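In: kindly return the folded structure for what I paste below:
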Amino acid sequence: MNMRSYLIILLVIMVSMIFAGCLKGEKAHSDLVGTVNVENLDSATTVTYTFKNQSGKRVTVIGGASYKLHRDNKLVDEGIVPVKDYIDLDPGEDYTDKKTFPNLQPGSYSIRVEWNKTVVSSNFARN
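Out: Numbers count the residues shown, from 1 in each chain. Presented below is the predicted three-dimensional model:
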């Protein structure tokens with residue numbers, strides 16, 4: 001085999017690994033579907049997020065939701081919203097929680113919330 005053949009084989013293997021990882025990831029978080037709502041009140045911004053079990057089986061989620069808040073495309077805050085050690089969600093059941101950010105500076109924001117490998121996000125502005 002020549003060098004070109006080795007490179008083609010290597011490329012095919014890499015692409016296959018990428019697609020296998022994507023498909024595996026899709027299945028891992030397909031049990032939950034999420035929504036996020038942002039509300040600006042006075043000087044505070046409240047982010048309310050809901051994750052619903054859309055599967056036909058009970059889903060156990062361990063740990064809290066993580067979030068990343070960006071202003072003008074720069075990370076300004078990140079963390080975890082703690083919950084109890086685990087939460088069991090029956091089919092059709094949802095979990096709602098919120099995070100409040102006091103006194104955000106004016107600008108364009110985006111919030112990204114991840115829980116049990118399901119990600120929801122929203123863009124909003126503070127004036």
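In: hey, where'd the strands end up in the chain?
Out: With strands called from DSSP state E, the chain shows them at 32-41, 44-53, 59-62, 65-71, 74-81, 86-89, 94-102, 107-115, 118-126.
In: make TSV from the ones you listed and add mean pLDDT to it.
Out: Listed next are the strands of the chain as TSV, based on pLDDT from 0 to 100:
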stretch	mean pLDDT
strand 32-41	92
strand 44-53	93
strand 59-62	87
strand 65-71	93
strand 74-81	91
strand 86-89	88
strand 94-102	91
strand 107-115	93
strand 118-126	93
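In: Throw those strands into TSV and include mean neighbour count, thanks.
Out: Where you see a C-beta, it was placed from the backbone N, CA and C, and this is true even at glycine. Putting the strands of the chain into TSV (neighbours: other CB atoms under 10 Å) gives the following:
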stretch	mean neighbour count
strand 32-41	16
strand 44-53	19
strand 59-62	14
strand 65-71	18
strand 74-81	12
strand 86-89	14
strand 94-102	15
strand 107-115	19
strand 118-126	15
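In: okay, now the domains of the protein?
Out: The record assigns the chain these domain ranges, following automatic domain parsing: 1-30, 31-126.
In: now the last one, how far from the chain's geometric center?
Out: For domain 31-126, the distance between its averaged C-alpha position and the chain's averaged C-alpha position is 7 Å (CA atoms, centre = their mean, to the nearest Å).
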